[in-house]
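Visitor: This is a predicted model, with the sequence first.
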Amino acid sequence: MDLKELLGEELYNQVKEKAGDEHKIAIVSDGSYIPKDKFDQVNQEKNDYKKQVSDRDKQLDDLKTKATGNEDLQAQIQQLQDDNKKIKDDYEAKIQKQTFDYTLKDALQANKVRNPKAVQALLDTESIKLDGDKLLGLDDQLKNIKESDPYLFQEEQQEPPKPSFTTGNHQKQQGNGEPSSLGEALAQKFAQKQ
């Protein structure tokens with residue numbers, strides 16, 4: 001739900017007009033909002049590290065071709081290449097795990113889970129695979145958990161029916177001797193006294 005839906009069109013426009021364009025308007029209470037400048041900074045750092053690793057790999061390859069014939073130097077270069085490859089693999093695994101965790105968290109929030117950590121503990125995360133932006137195998141597990149532990153999920157709140165009001169201008173059927181309005185009842189009562 002964004003702020004516009006929460007406040008309504010008219011109030012949202014008033015708030016936006018009052019705040020001006022230099023202020024950002026966002027609901028950040030759910031923790032999923034990351035300011036764009038922080039995201040850009042972290043993304044830039046990641047790209048810089050990737051570039052540094054590829055530059056080092058290139059330098060090691062160049063050094064290896066220049067150091068032909070020197071076995072000790074060749075062994076050191078090979079060790080450095082192996083270390084770089086291990087660091088790169090560890091980094092990629094860490095990024096993959098973070099992506100999986102964020103996607104899982106978003107999927108749990110989309111399924112209206114009350115306590116994501118508790119539900120995540122019940123999941124067999126080894127059998128869930130990340131395919132792009134989709135988690136394969138998650139839906140079946142969530143369905144089973146909903147059946148066994150429904151209290152972990154927010155209930156679908158149905159909108160209560162709107163009360164229907166009537167104007168009170170109901171006409172009673174004539175002929176049964178009862179007055180159809182207060183005025184007629186008073187008139188009958190007054191006529192009986194005379």
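Guide: Looks like it came in fine.
Visitor: low-scoring pLDDT stretches of the protein, where are they?
Guide: 1-2, 20-34, 157-158, 165-177 (pLDDT under 70).
Visitor: quick one: the residue nearest to the spatial centre of it from residue 80, how far?
Guide: Per Cα atoms, centre = their mean, the C-alpha nearest to the average position across the chain is that of residue 106, at 4.5 Å. As judged by Cβ to Cβ, to the nearest Å, residue 106 and residue 80 stand 39 Å apart. For the C-beta atoms, the positions are set from N, CA and C on the backbone; glycine is no exception.
Visitor: excluding its backbone neighbours, what's nearest residue 116?
Guide: Closest residue in space to residue 116, ignoring its immediate chain neighbours: residue 108 at 4.4 Å, by Cβ to Cβ, 6 or more residues apart in numbering.
Visitor: does that neighbour really touch residue 121, like I thought?
Guide: No. Using Cβ atoms under 8 Å, residue 108 is not in contact with residue 121; the gap is 11.5 Å.
Visitor: ok, those two, which is more surrounded?
Guide: residue 108 (22 against 9; other Cβ atoms under 10 Å).
Visitor: Following the longest helix along the chain in sequence, what is the next regular element?
Guide: For the chain, the helix with the greatest residue count under DSSP state H is helix 71-110. Using DSSP states H and E, the helix or strand that follows helix 71-110 in sequence is helix 116-122.
Visitor: And the contacts of that next one?
Guide: Residues outside helix 116-122 that contact it (Cβ atoms under 8 Å, 6 or more residues apart in numbering): 104, 105, 108, 109, 113, 142, 145, 149, 152.
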